[in-house]
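>>> Build the 3D model from these lines:
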Amino acid sequence: MSDSYITPEVKARLQIDKNLIQTGWIIQNKNQLNLSAGLGIAVREYPTDSGPADYILFIDKKPVGVIEAKKTGRRS
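Prediction:
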């Protein structure tokens, strides 16, 4: 697939995945959730009261943060 067909949101998520992996996070999809897989788990599309969060970060099985993927762009 060419980069021209990848949406800005998908590009942002790919960069977030890369950064999380480089810093030691284990990335999981919500349907394969295993909070015992390691100390730091990032779960994609985790359900919340206001809709799914792009990522919820868990440390030692406790939620500690949220990441929302946004397209990157220049500010004027």
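>>> center of this structure, which residue is that?
residue 55 (3.7 Å; Cα atoms, centre = their mean).
>>> average pLDDT across stretch 30-49?
The pLDDT scores in stretch 30-49 average 95.
>>> any residues touching that stretch, and which ones?
Residues outside stretch 30-49 that contact it (Cβ atoms under 8 Å, 6 or more residues apart in numbering): 20, 24-29, 52-61, 67. C-beta coordinates here come from the backbone N, C-alpha and C atoms, glycine included.
>>> buried stuff in it?
Going by neighbour count (16 or more other Cβ atoms under 10 Å), the buried part of stretch 30-49 is 35, 40, 41, 42, 43, 44, 46.
>>> re earlier: give the helix, strand or coil label for the residue nearest to the centre of the chain.
strand (DSSP: H, G, I helix; E, B strand; the rest coil).
>>> Look up phi and psi at the nearest residue to it once chain neighbours are set aside.
In this structure, residue 55 finds its nearest non-sequential neighbour in residue 67, 4.0 Å apart by Cβ to Cβ, 6 or more residues apart in numbering. Dihedral angles of residue 67 (phi, psi; degrees, to the nearest 10) stand at phi -120, psi 130.
>>> from what I can see residue 67 touches residue 25, true?
No - Residue 67 is not in contact with residue 25 according to Cβ atoms under 8 Å; the separation is 10.1 Å.
>>> shared neighbours of these two, anything?
42, 57.
>>> Same drill for the two, tell me which one is more crowded.
Set residue 67 next to residue 25 and count neighbours by other Cβ atoms under 10 Å: residue 25 wins out with 20 against 17.
>>> now the residue lying closest to residue 29 once chain neighbours are set aside: how far from residue 51?
Nearest residue to residue 29, sequence neighbours excluded (Cβ to Cβ, 6+ apart): residue 44, at 5.2 Å. The gap separating residue 44 from residue 51 is 14 Å, by Cβ to Cβ, to the nearest Å.
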